[in-house]
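Asks: no sequence for this one, just the structure:
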């Protein structure tokens, strides 16, 4: 069935390094993608989004890249900090209300 | 402003008992969602309310699960005759119907013993 999945369940990076979290999606009709961050004991929180007519979008220390040819989405975090430690979810939307969430990648930041 | 709130934050119940989980969405948000998140897993869609329209219940896993939204605001998710496999974090989110971004509450951690 349709799904949004992640290549790596866990990622460990050194503080100050850049992090890259990857996501594969299977629904070519998806036109909107969001990255969420979920800290322990909290609900997911919006980080950044991108529409299917774009291939790159930048925020504060974060960049999302979209490759529609291979149905791949990535989140890049620059100068990773301890506060970035969390589970990151990619999510896709095909224009209706229903959002499909991936399984999540846990990011560990080593001091 | 106030975000989405959920209560209780934690609930421990015995197998076979009924539980009610509450969600207070952001004021003015017309859409409300319930998700289930099992340990170390992603978010499983349960149910969606939009304004006065009939809810989309396509994600409810069994007829033991039900939800209502009174007055277009507060929502209650009810699980009857709880089973151990119902143990999970139940997340509520809201937004305005035309938005994609969802605003999540902190969740209710349900443990069925």
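Replies: Thanks, I have it. Computed from a prediction, not measured in an experiment: that's the story for all the values here.

Asks: so where is chain B shaky, pLDDT-wise?
Replies: Low-confidence segments of chain B (pLDDT under 70): B:1.

Asks: extract the residue ranges of chain A that are flagged as low pLDDT.
Replies: Applying pLDDT under 70 to chain A flags the ranges A:1-8.

Asks: excluding chain neighbours, give the residue nearest to the closest residue to chain A within chain B in space.
Replies: The nearest approach of chain B to chain A comes at residue B:104, 3.0 Å away (CB to the nearest CB). C-beta here means a position set from N, CA and C on the backbone, and glycine is covered the same way. Nearest residue to residue B:104, sequence neighbours excluded (CB to CB, 6 or more residues apart in numbering or on different chains): residue A:43, at 3.0 Å.

Asks: so residue B:66 makes contact with residue B:81?
Replies: No - counting by CB atoms under 8 Å, residue B:66 does not reach residue B:81; the two are 11.9 Å apart.

Asks: quick one: which of the two has more around it?
Replies: Neighbours were counted for residue B:66 and for residue B:81 using other CB atoms under 10 Å in any protein chain shown; residue B:66 has more, 14 against 11.

Asks: which element is the more buried one on?
Replies: Residue B:66 is part of strand B:65-69, with elements assigned from DSSP states H and E.

Asks: and that strand, what does it pack onto?
Replies: With contacts taken as 3 or more CB pairs under 8 Å, 6 or more residues apart in numbering or on different chains; DSSP states H and E, strand B:65-69 sits against strand B:44-50, strand B:75-79.

Asks: got a markdown table for those, with distance to chain A and mean neighbour count too?
Replies: Below are these laid out as a markdown table (distance: least, CB to the nearest CB, whole Å; neighbours: other CB atoms under 10 Å in any protein chain shown):
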| stretch | distance to chain A | mean neighbour count |
| --- | --- | --- |
| strand B:44-50 | 6 | 20 |
| strand B:75-79 | 15 | 20 |
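
Asks: where does residue A:83 sit: helix, strand or coil?
Replies: Assigned with DSSP: H, G, I helix; E, B strand; the rest coil, residue A:83 falls in the helix class.
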